[in-house]
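J.: I would like to see how this sequence folds:
(chains A and B)
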Amino acid sequence: AQKVTQAQTEISVVEKEDVTLDCVYETRDTTYYLFWYKQPPSGELVFLIRRNSFDEQNEISGRYSWNFQKSTSSFNFTITASQVVDSAVYFCALSEPYNTDKLIFGTGTRLQVFP
Amino acid sequence: NAGVTQTPKFQVLKTGQSMTLQCAQDMNHEYMSWYRQDPGMGLRLIHYSVGAGITDQGEVPNGYNVSRSTTEDFPLRLLSAAPSQTSVYFCASSYEPNPGTNEKLFFGSGTQLSVL
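T.: Down below sits the predicted model:
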C-alpha cells in the first residue's frame, strides 16, 4: 500500500535559518510521482513541485530545494534563509499514475518562522 | 481566471441534515476531486472524477455522493450529516491530457463544515 510519512509535526525556526522538511514514502510501483504542496494560513493549497520517480536530480527554485533519494524513499524539502512568509503547513504527496491518479498525502509539517 | 471556486466557505449543520458543497472550475480541467482535511490526518480523498459522467470512490467515500454532469461542476453531497463529517473540505482539479500524467492539482479555498 502507498503511504507518505512526515514525521515532523511542527518545526519552529528564526528568520534566515535553513530548515529541512522530511518526507518518506512507501510504494510498490516503480513509476510514481511525488509532490509538495504549501498551505498558508489562508487555507488554500498551493502546488510547489512535482517529481517523476525516474528523475532523481535535485531541484532548486530560488530559496527552495528538493532532495529526492530513491534508495531511502525520501523526498526532502529545504528552505534556505527562511522568511516569515514561509510559515505554513507543508504537505508531501505520492501518486501512482498507472492506477487512478489519486494523491496520497502525508499528515503535513507546520513550519513557523519567527522574526 | 477564477480557478476552483467552492461554496459555501463555512457551514454548520445539525446531525441528520443533508447539504451539497459546490465546486466549479473554469479551466476546462478533466480531473476533479474532493478531499477532506482533519487534524493529524492530512488530506484524504473522498471521491474523484476523470471526466463528465465518470466518478469513482477515494479513500473515505462513505456518507458522501458525487456526480459530474458537466466538466465544470463537481458537487459533493452529504446525505445525512454526522459529527464525524466535521472537517475542512477541499475541491481540486487538474488538466489531464492523458491518464497517468498526474498534472498538478489546483485547489479551492476550502469549506469548513461543522456538524453538531
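
J.: the residue nearest in space to the middle of chain B pairs with what?
T.: By C-alpha atoms, centre = their mean, chain B has its centre lying nearest to B:Trp34, at 2.5 Å. Under DSSP bridges, the beta-bridge partners of B:Trp34 are B:His47, B:Cys91.

J.: what of A:Glu10?
T.: Beta-bridge partners, per DSSP bridges, of A:Glu10: A:Arg110.

J.: for residue 45, which non-adjacent residue is closest in space?
T.: No chain specified, so I'll use chain A. Residue nearest to A:Leu45 in three dimensions, not counting chain neighbours: B:Phe107, with 4.1 Å by C-beta to C-beta, 6 or more residues apart in numbering or on different chains. Every residue, glycine included, has its C-beta placed from N, CA and C.

J.: correction: the question concerned chain B.
T.: B:Gly58 (3.0 Å).

J.: read off the pLDDT value for the residue nearest to the centre of chain B.
T.: Turning to B:Trp34, the model gives it a pLDDT of 96.

J.: give me every residue in chain B lying close to chain A.
T.: B:31, B:33, B:35, B:40-45, B:48, B:50, B:56, B:58-59, B:88, B:90, B:92, B:96, B:99-110 (C-beta under 8 Å from any C-beta of the partner chain).

J.: which PyMOL command selects the buried ones in those residues?
T.: This is how PyMOL selects the buried members of these, with burial counted by 16 or more other C-beta atoms under 10 Å in any protein chain shown:
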select buried, chain B and resi 31+33+35+42+43+44+45+48+50+58+90+92+96+102+103+104+105+106+107+108+109+110
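
J.: count the residues that sit near the closest residue to B:Leu76 other than its chain neighbours.
T.: In this structure, B:Leu76 finds its nearest non-sequential neighbour in B:Leu21, 4.4 Å apart by C-beta to C-beta, 6+ apart. By other C-beta atoms under 10 Å in any protein chain shown, the residues close to B:Leu21 number 22.

J.: which phi and psi does A:Lys70 have?
T.: phi -70, psi -30 (degrees, to the nearest 10).

J.: residues near it, how many?
T.: The burial count for A:Lys70: 12, using other C-beta under 10 Å.

J.: returning to what we had before: wait, the residue nearest to A:Leu45 sits on B:Ser94?
T.: No - under the criterion of C-beta atoms under 8 Å, B:Phe107 makes no contact with B:Ser94, lying 10.0 Å away.

J.: okay then, goodbye and thanks.
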